[in-house]
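Peer 1: below: sequence and its predicted model.
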Amino acid sequence: MMVEFTYQMVLSTLQTAGILVGIIYYIITLQNTRKNQQMQLETRQAQLFMQLYQQFCGKEFVDQMNIIRFRWKFPTDFNEWLMSSETTEEVNRLFSTIYYFEGLGVLLKRGLINAEFIDDLMSAQIISIWERMEPFMTLVRSQLGPTAGEYYEYLYNEIKAIYDKEHPELAT
């Protein structure tokens, strides 16, 4: 039995092969595009983190954090403390730090920054400041509403979970 190849059969076979090659090329191009997009996303996240980290490492911000971590005397009466003219600079320092960590918490919750970046370089400050100021945040929330500091608390909870997982011997 002999099969005759006609011009139509050859043309049809070449068209089918061309379509298959096109599909394979498209799939490979799509995979490369996805890899490139992922790399670009990771690069942008790293750049964003480094900009935040530069501010975090700035002398003024380090001074603020150290005052809060080691010297701060948290008040028991929020309104009296807030209205005291002697504490205006202290109030600004404290809330500047809270707002910074609040912003970091929003970025983390929205998936715009990697939690491991934050944990690797900022966990000690985030954890120690939050744990020191948590009773004070109860006072703040009683005056400013229950959402005051919510993203800082979210940041703390996420970073603390990572920290405790990596250092189970230190978990509290």
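Peer 2: Great, that's in hand. Numbering: from 1, shown residues only.

Peer 1: where does Gly111 land in three-state SS?
Peer 2: Under the three-state scheme (DSSP: H, G, I helix; E, B strand; the rest coil), Gly111 adopts coil.

Peer 1: and it, how many neighbours?
Peer 2: Taking other CB atoms under 10 Å as the criterion, the count of residues near Gly111 is 10. Just so you know, the C-beta spots here come from the backbone N, C-alpha and C atoms, and that holds for glycine as well.

Peer 1: and it, what are its phi and psi?
Peer 2: According to degrees, to the nearest 10, the main-chain angles of Gly111 amount to phi 80, psi 20.

Peer 1: kindly export the lowest-mean-pLDDT helix or strand in the chain (C-alpha atoms) in CSV.
Peer 2: Among the secondary structure pieces of the chain, namely its helices and strands, helix 78-83 has the lowest mean (mean pLDDT, DSSP states H and E), a mean of 74. Output for helix 78-83, consisting of C-alpha atoms alone and laid out as CSV, is shown next (Å, rounded to 0.1, in the frame of the first residue of the first chain):
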residue,chain,number,x,y,z
PHE,A,78,-3.6,60.6,77.8
ASN,A,79,-5.4,63.9,77.7
GLU,A,80,-3.2,65.5,80.4
TRP,A,81,-0.1,64.3,78.6
LEU,A,82,-1.2,65.4,75.2
MET,A,83,-2.2,68.9,76.4
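
Peer 1: which helices and strands sit right next to it?
Peer 2: Applying 3 or more CB pairs under 8 Å, 6 or more residues apart in numbering; DSSP states H and E, we find helix 78-83 packed against helix 115-144.

Peer 1: next helix or strand past the helix it packs on?
Peer 2: helix 150-166 (DSSP states H and E).

Peer 1: report all helices and strands that that next one contacts.
Peer 2: For helix 150-166, the contact count by 3+ CB pairs under 8 Å, 6+ apart identifies helix 88-109, helix 115-144 as packing neighbours.

Peer 1: turn these into CSV, including mean neighbour count.
Peer 2: Listed next are the helices and strands packed on helix 150-166 as CSV, based on neighbours: other CB atoms under 10 Å:
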stretch, mean neighbour count
helix 88-109, 17
helix 115-144, 16
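
Peer 1: out of those, flag the one nearest Arg69.
Peer 2: Shortest distance between Arg69 and these, using CB to CB, is found for helix 115-144: 5.5 Å.

Peer 1: so Val140 touches Ala148, yeah?
Peer 2: Yes: counting by CB atoms under 8 Å, a contact exists between Val140 and Ala148, whose distance comes to 5.0 Å.
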